[in-house]
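> I would like the atomic coordinates for the input below:
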Amino acid sequence: MKHHEPPAPPELGEHDGLSYALFLPDRPAAGGVVILHGAGSRKESHFDFGRVCRDRGLAALAFDARGHGRSSGRFGPAAVGDVLAMRDVLAVHAPRIALRGSSMGGFLAIQAAAAEPSIAAVAAICPAPPALLARGIASGDLVDFEVDEQATVQWLGTLDPADSVARLSPRTALLLLHARGDERVPYTASEELHAAAGEPKRLIVFPGGHHRSLQHDLEVQNLTARFLEDAF
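Numbering: from 1, shown residues only. Prediction:
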């Protein structure tokens, strides 16, 4: 029987109470990708995409949002600043940075890129609208993480996703991926974002699937990595 070595583990670190895992290729990175997980998840759930990026010559950093995993504090309005702090950590290892997020992470990726002109690209998988996140937090449906409920719901209520996504053009390429069978975030949410966004942009709605099915699909992961490489 042929023996296969397990993949090399990432480098683990912490920055300002944020726990992260760093995937570095064995050659100078063509670019870097900050990986943002969804509500109630954690960085380890996306190590598979980190390894895909590393194998393709990209640096990748997955981190626990506050209130999740090993990071300190509660999730709240400072979440966008945390994404940009992780961008700064990864920028030491890569000339340009992109963001890839799923669900709540997709929402945060768009918000962070709208605030930071240097972000090369955003890949958002089933991105959650801020109004949907606010309802889930206020109703108690989203209970798998520590959150500053009042401040977060108030902050989410001030955001206009159409305005945020429109601010990406033309400096930041946008890829929207959604499963038509998503039971949590309707695929029409990504259609609305795509309509509001300027070029360069791309929307792919996959038949069937569910809220998490695209995150770990190898074909989708490689498609996403190719899109980010083109943006770099």
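> how close does residue 79 get to residue 68?
Separation of residue 79 from residue 68 (C-beta to C-beta, to the nearest Å): 11 Å. Heads up, the C-betas are built off the backbone N, CA and C, glycines and all.
> let me redo that: residue 52
22 Å.
> those two: who's more crowded?
residue 68 (23 against 18; other C-beta atoms under 10 Å).
> OK, contacts around that one?
Taking C-beta atoms under 8 Å, 6 or more residues apart in numbering, we find residue 68 in contact with 37, 40, 41, 42, 75, 145, 146.
> mind giving me the PyMOL command for buried ones among those?
To isolate the buried ones among the contacts of residue 68 in PyMOL, judged by 16 or more other C-beta atoms under 10 Å, type:
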select buried, resi 37+40+41+42+75+145
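> just flag the most distant two among the contacts of residue 68.
37 and 146 (14.6 Å; C-beta to C-beta).
> got the phi and psi for residue 60?
Backbone torsions for residue 60, taken as degrees, to the nearest 10, come to phi -140, psi 150.
> identify the residues contacting it.
With contacts defined as C-beta under 8 Å, 6+ apart, the neighbours of residue 60 are 22, 23, 32, 33, 34, 35, 49, 50, 53, 54, 90.
> what about the fifth one, distance to residue 167?
The spacing between residue 34 and residue 167, counted by C-beta to C-beta, is 18 Å.
> quickly find the element holding the residue positioned nearest the centre of the chain.
The chain has residue 101 as the residue nearest its centroid, 1.5 Å off, counting by C-alpha atoms, centre = their mean. Element membership for residue 101 (DSSP states H and E) is strand 97-102.
> wait, residue 193 touches residue 163, no?
No. Residue 193 is beyond contact range of residue 163, at 11.0 Å (criterion: C-beta atoms under 8 Å).
> who has more neighbours, the two?
residue 193 (25 against 10).
> next one: the more buried one from residue 37, what distance?
19 Å.
> and residue 228, that's in a helix?
Yes. Using DSSP: H, G, I helix; E, B strand; the rest coil, the assignment for residue 228 is a helix.
> what ranges do the helices span in this structure?
Assigned by DSSP state H, the helices in the chain fall at 47-55, 79-91, 104-115, 130-139, 149-157, 161-166, 188-196, 218-231.
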